[in-house]
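> this is the structure alone, sequence omitted:
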């Protein structure tokens, strides 16, 4: 019968440090409307030119490396039968044991990376923005855009948004806080919805209806009909504005 000479968890021989790098906010200033703030007033001079808010904080986990010796049962001094290693973190309830210390390290790293990995789901970012064709002195209208994004839940409960970085400066991804539904100071209405087959079909139908509306509006402003349209706005089927001020300020 073999005995151990240093308890169930063995003798501490080393400490490993596993680091989670965290996630930085790539676009928070733009989303929050802070890009126009003058330097020195909560801007670059106070925060530093490289300041980026952190969406998920970096984290270092200490791992105890212990040696566990098994001894032959017999007269003293007992001889060594085998040596194993234990890698563990009591706070996280992690304990791996084996004779190959490199295999243990790889298994532990994989376990930590999996437990700290962000869980991503595909969503759509839907935006309705004011028209900006710049073809006239006054414009009214909108554009509907749809972008594929990913909703991520981090190990600490933070909810993130990931999208393709079309500029491809250093990484294929850009990260920002999960927006939910909000309206920025430019009047853009933005919503996030799950990327499902049902939503795909509904968005196709929505776009088709917008194209049909555009077609009908075009009919109303043809040279032979525009004067009649303007003389009979109440009869063309478009919703009336709630307040007169909305008409006067509409450009």
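Noted; the coordinates are in hand. Bear in mind the structure is a predicted one, so any value in this text is a computation, not a measurement. Numbering: from 1, shown residues only.
> so which bits of stretch 67-86 are buried?
67-69, 71, 84-86 (16 or more other C-beta atoms under 10 Å). For the C-beta atoms, the positions are set from N, CA and C on the backbone; glycine is no exception.
> just those residues: which are in strands?
Secondary structure defined by DSSP state E assigns 67-69, 71, 84-86 of these to strands.
> from those, which is closest to residue 59?
Lowest distance from residue 59 to these (C-beta to C-beta) belongs to residue 86, with 22.6 Å.
> what is the closest one paired to in the beta sheet?
Taking DSSP bridges, one obtains residue 66, residue 97 as the residues bridged to residue 86.
> quick one: it from residue 63, how far?
In this view, residue 86 and residue 63 are 10 Å apart by C-beta to C-beta, to the nearest Å.
> kindly report the same for residue 202.
49 Å.
> ok, these two, which is more surrounded?
residue 63 (20 against 12; other C-beta atoms under 10 Å).
> okay, now the unreliable bits of the stretch 1-150 of the chain?
1-7, 27-52, 72, 74, 77-80 (pLDDT under 70).
> what about the helices in it?
Secondary structure of the stretch 1-150 of the chain (DSSP state H, counting those that start in this stretch): helices at 28-31, 44-47, 101-116.
> what residues of the longest one count as buried?
To tie it back to what came earlier, the one meant is helix 101-116. 101, 104-105, 108, 112, 116.
> just give me the closest of these to residue 207.
residue 116 (39.2 Å).
> residues touching that closest one, list them.
20, 59, 154-155 (C-beta atoms under 8 Å, 6 or more residues apart in numbering).
> just the buried residues of the residues you listed.
Looks like those have 20, 154 buried, using 16+ other C-beta under 10 Å.
> which of the contacts of residue 116 sit farthest apart?
59 and 154 (10.5 Å).
> what is the neighbour count of residue 55?
Counted with other C-beta under 10 Å, residue 55 comes out at 23.
> please apply the same query to residue 92.
The number of residues near residue 92, taken as other C-beta under 10 Å, comes to 12.
> I figured it hits residue 63, correct?
No. Contact criterion C-beta atoms under 8 Å: residue 92 and residue 63 do not qualify, at 9.3 Å.
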